[in-house]
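Visitor: I would like to see how this sequence folds:
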Amino acid sequence: MSQKKAILSPLPGVFYRKPSPEEAEFFKEGDAVKAGDTVGLIEVMKNFYEVKAEEDGIIEKFVVDNEGIVDAGQELLVLK
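Guide: Sure, this is the predicted structure:
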């Protein structure tokens, strides 16, 4: 059985699943990601911080919606 791994928010702010409103999402549920891939952005006071996958996996589900408000350490998505 494969182990699930959560990707957590490094800081509080707004979580974005795409690089800009006009662009497609970085990844969708079911997509494979590699360690180091940017899976989202956290905005804090108009500064954007990349959220990166720490290991390879497949995105099982996003726990937070696009433009959802998150706390530091909150689960953003789950890899399987």
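
Visitor: contacts for stretch 8-15, please.
Guide: 40-44, 49, 51, 64-76 (Cβ atoms under 8 Å, 6 or more residues apart in numbering). C-beta here means a position set from N, CA and C on the backbone, and glycine is covered the same way.

Visitor: from these, keep the buried residues only.
Guide: The neighbour-count test (16 or more other Cβ atoms under 10 Å) applied to the contacts of stretch 8-15 identifies 40-42, 51, 64, 70, 74, 76 as buried.

Visitor: and which of the residues you listed is nearest to residue 23?
Guide: The closest of the buried ones among the contacts of stretch 8-15 to residue 23 turns out to be residue 41 (Cβ to Cβ; 11.2 Å).

Visitor: and that closest one, how far from residue 8?
Guide: 14 Å (Cβ to Cβ, to the nearest Å).

Visitor: do residue 19 as well
Guide: 20 Å.

Visitor: can you check residue 68 too?
Guide: Where residue 8 is concerned, residue 68 sits at a distance of 14 Å (Cβ to Cβ).

Visitor: what about the closest residue to residue 53 other than its chain neighbours, distance to residue 21?
Guide: Excluding its sequence neighbours, the residue lying closest to residue 53 (Cβ to Cβ, 6 or more residues apart in numbering) is residue 33, at 4.5 Å. For residue 33, the distance to residue 21 equals 22 Å [Cβ to Cβ].

Visitor: which one's more surrounded, the two?
Guide: The neighbour comparison of residue 33 against residue 21 (other Cβ atoms under 10 Å) goes to residue 33, with 21 against 8.

Visitor: need the pLDDT of that one.
Guide: Note for residue 33: predicted pLDDT of 98.

Visitor: partners of it in the sheet?
Guide: residue 57 (DSSP bridges).

Visitor: since that was my last question, I'll sign off now.
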